[in-house]
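> I would like to see how this sequence folds:
(one chain, ligands or ions: 2)
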Amino acid sequence: MKISVRTGLPLCRAAALPSRAAAVRLMGTAAHVSSPGPSPPMTTTTMPPRFNVQVAQNTRLRVQPPSSPPRQPATQPTTTKPSPPKPGPTMPPGFKAEYGSLPTFHIPPRITGSPSDLLLAHQIISAFRRDGIIQIGMTPHQRQLWADAQAASRRFFAKSPEEKAACVDSQSYAGYIASGEEVTDGIADYSEIFTITRDFDLDDKKVRAGWPCHGRVPWPDVEMREVMGRYQGELGEEGGGWFPPRNATNGKGKEGRGIGSHTDYGLLVISAQDDVGGLFIRRPSQEEKFANWEKSAAGLKEDEDGWVFIPPVEGTHTVILGDMMQYLTRNYLTATPHKVGLNTRERFAFAYFHEPSFQAEEDEGVHYGTHFTNMFIRNYPERITTKRLIEEGRYKLLERPELRTIGAVPRVEASV
Ligand SMILES: O=C(O)CCC(=O)C(=O)O
Ligand SMILES: [Fe+2]
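Numbering: from 1, shown residues only. Ligands and ions are numbered 1, 2, ... in the order given. Next up is the predicted model:
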């Protein structure tokens, strides 16, 4: 199975680029995850505008630097023990949550469908059903990519407000999102974000036809484009974010809140965070039923009990599930509600979104481009992109057959 990737989050939805490699591996894993039962779906072909990486493209880029330690034998699916929970200081103040402790999975460099791969896939599926999140070890090369991306992200977020504000595009949702601009469940978030989506030329025919969410990436400078570009062959697109310390916000949002409770829209989200800490998730629960593509799950249980703090573990990515994974597996795997709290220090994080094609449509079901567009309109109601989309009547293009050309991905009755 192939999966299209979207890069969703802002390239700078924080500052860290997830390493592409991780995504690559993950894609392999994802493919597997589906294989144990009826095969899960996702055909890809054309990627959605903002997500556009295919497994094959990523695979070619796997290169281990000479300093790499020996690889894990592919025959041995491995997890390492839960990392010992660090003492509480990384949890933002003022939040009530359990302190999470996750095992770290090590994904083999090649996924071939061997018995050990299937075992690993089952272990990962079980972990998602139990915890709603998994942790995956980075390779040394991925650590380097992450360090480079972090550095680029810090440089970008240190620019003047004017310079950052210039990085917007009226046709894509790529670029800078100021603190207080993103809205979750009607309340402003304090995060600053840079989103990277697929970078379309203005003379691309989809852009000229006015397809929603299709446009340029408004790069701040050549250097940023170059650093992020190095990832593009490997990971796809992604986003990074910056979160101010809780005592240094601009007063536009809710105290201590970096991003309100929400689920992400696609299949998988691969994230990397620095050592500050801020991410909280909810485990899958029979009692908490939601379907974000039908009715907004934003704000879900934000102030209630039941949150798990995910402490940063150096050298790892975390992976959570998105709306379309829940939709396609008919709730066997559910989208992971999560939120970000502001800590006593500024925090940088990256998220990479692995998503269906913009043009993917389930028979009489969800059209991904429409879900995607709806989510951006909801989260960025005041952005120039939203205003232009509405004023120019672009939304109704989503109905057209040429925006729905990626065949139905059958939903899976899971039987793993
Ligand atoms: O900062 C994080 O760890 C997660 C960010 C997030 O949830 C998002 O960008 O959608
Ligand atoms: Fe998210």
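
> how much space between residue 184 and residue 379?
7 Å (C-beta to C-beta, to the nearest Å). C-betas here are computed from N, CA, C, even on glycine.

> report the buried residues of stretch 169-187.
169, 171-184 (16 or more other C-beta atoms under 10 Å).

> ok, of those residues, which one's closest to residue 362?
Taking C-beta to C-beta as the measure, residue 173 is the one of the buried residues of stretch 169-187 closest to residue 362, at 23.2 Å.

> can I assume that closest one is in contact with residue 197?
Yes. Contact criterion C-beta atoms under 8 Å: residue 173 and residue 197 qualify, at 6.6 Å.

> just the local confidence number for the residue in the stretch 251-400 of the chain positioned nearest to ligand 1, please.
Across the stretch 251-400 of the chain, no residue is closer to ligand 1 than residue 349, which sits at 3.5 Å (C-beta to the nearest ligand atom). For residue 349, the model assigns a pLDDT of 91.

> ok, it - how many residues close by?
33 (other C-beta atoms under 10 Å).

> could you say what helices and strands the helix or strand where it lies packs with?
Secondary structure from DSSP states H and E places residue 349 in strand 347-354. For strand 347-354, the packing partners by 3 or more C-beta pairs under 8 Å, 6 or more residues apart in numbering; DSSP states H and E come out as helix 20-34, helix 140-157, strand 239-243, strand 268-273.

> what does the stretch 101-250 of the chain put close to ligand 1?
The stretch 101-250 of the chain comes close to ligand 1 at residues residue 241, as judged by C-beta under 6 Å from any ligand atom.

> next, work out how far apart the residue in the stretch 101-250 of the chain that ligand 1 sits nearest to and residue 297 are.
In the stretch 101-250 of the chain, the residue that lies nearest ligand 1 is residue 241 (5.3 Å; C-beta to the nearest ligand atom). Here residue 241 is placed at a distance of 20 Å from residue 297 (C-beta to C-beta).

> looking at the two, which is more packed in?
When residue 241 and residue 297 are compared for neighbours, residue 241 comes out ahead with 33 against 21, by other C-beta under 10 Å.

> for the more buried one, which residues make a bridge with it?
residue 14, residue 349 (DSSP bridges).

> test my guess that it contacts residue 342.
No. Proximity of residue 241 to residue 342 does not meet the contact threshold set by C-beta under 8 Å, at 11.9 Å.

> overlap in contacts, those two.
Common neighbours of residue 241 and residue 342 (criterion: C-beta atoms under 8 Å, 6 or more residues apart in numbering): none identified.

> next, count neighbours for residue 147.
13.

> and it, how far is that from residue 219?
Distance from residue 147 to residue 219, by C-beta to C-beta: 20 Å.

> next: residue 118.
42 Å.
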